[in-house]
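>>> structure for the following, please:
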Amino acid sequence: MIEITGETKINLPIEACWEKLRDYSLAHNYVPDVLDTKITTEQKEGVGTARKVFMKNAPDGLDETIVEWMEGTGFRLRLHKGDGRAIPIFQDIHFEYRIEDAGNNETWFRPRMFLKPRFGFNILSRTVIKKKMTQTLAVIGQSMKEFYESGEPTSDARVAEIRKMF
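I've put the predicted structure just below:
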């Protein structure tokens with residue numbers, strides 16, 4: 001299992017961040033390359049809540065299902081196709097959205113990705129994957145920060161600028 005972590009400070013109190021984070025339908029406003037999200041279950045939050053994420057490189061969408069709910073601080077979701085399979089080269093992928101109080105009305109966003117390759121990966125492949133996913137978490141964190149603080153979706157142009165920062 002490959003674990004990747006990130007960290008971004010958001011200039012809002014944890015309660016304000018939690019109100020936005022718990023809304024499982026907002027990811028397309030700050031996750032790069034996500035065009036839209038659609039909740040596919042009757043429940044809107046908690047374990048078992050699922051959404052379809054439509055991306056530039058996956059126009060048919062990917063499924064994400066909450067597998068762990070941490071009231072007030074975050075959740076962990078599993079990325080998969082409708083039939084339960086993970087994305088082709090991975091046996092399993094989880095993404096954890098976690099926030100923590102940073103004091104002074106600020107909040108840490110500390111995302112984590114857990115990747116289990118389907119095939120044997122050598123150390124070079126693991127290093128490349130880890131580097132790319134670390135950058136991805138940094139971009140998601142900065143995009144989320146800007147969306148949470150401004151209320152405005154992060155544009156493709158701004159995401160391109162953020163990518164250059166990392």
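>>> where does the prediction get shaky in this structure?
Scanning the chain for pLDDT under 70 picks out 83-88, 120-124.
>>> run through the helices of it in chain order.
Along the chain, counting by DSSP state H, helices occupy 14-21, 123-150, 156-165.
>>> on contacts alone, who are the packing partners of the last one?
Right, helix 156-165. In terms of contacts (3 or more Cβ pairs under 8 Å, 6 or more residues apart in numbering; DSSP states H and E), helix 156-165 is packed against helix 123-150. Quick note: C-beta positions are derived from backbone N, CA and C, even for glycine.
>>> list the buried ones in the helix it packs on?
Neighbour-count burial for helix 123-150 flags 129, 133, 136-148 (criterion: 16 or more other Cβ atoms under 10 Å).
>>> and for stretch 34-52?
For stretch 34-52, by 16+ other Cβ under 10 Å, it's 34, 37, 45, 49-52.
>>> again, but for stretch 53-68
Along stretch 53-68, these residues count as buried under the neighbour rule (16+ other Cβ under 10 Å): 53-55, 61-66.
>>> now, the residues you listed that are in strands?
Applying DSSP state E to the buried residues of stretch 53-68, the entries found in strands are 53-55, 61-66.
>>> for those residues, which one is nearest Ser155?
Closest approach between those and Ser155, by Cβ to Cβ: Met55, at 16.2 Å.
>>> and that closest one, how far from Lys131?
Distance, Met55 to Lys131, by Cβ to Cβ, to the nearest Å: 21 Å.
>>> with Val159 instead?
Distance of Val159 to Lys131, computed by Cβ to Cβ: 19 Å.
>>> residue contacts, Ala16?
By Cβ atoms under 8 Å, 6 or more residues apart in numbering, the contact set of Ala16 is 107, 148.
>>> Asp60 versus that one, what's the distance?
Taking Cβ to Cβ, one finds Ala16 at 34 Å from Asp60.
>>> Lys52 contacts Leu35, correct?
No - in this structure, Lys52 is not within contact of Leu35 by Cβ atoms under 8 Å, at 11.1 Å.
>>> now flag whichever of the buried residues of helix 123-150 is closest to Phe114.
When the buried residues of helix 123-150 are compared for distance to Phe114 (Cβ to Cβ), Met133 wins out at 10.2 Å.
>>> list the contacts for the residue lying closest to the closest one once chain neighbours are set aside?
Closest residue to Met133 apart from its sequence neighbours, by Cβ to Cβ, 6 or more residues apart in numbering: Ile4 at 4.4 Å. Taking Cβ under 8 Å, 6+ apart, we find Ile4 in contact with 112-113, 115, 130, 133-134, 137.
>>> many thanks, I have nothing further to ask.
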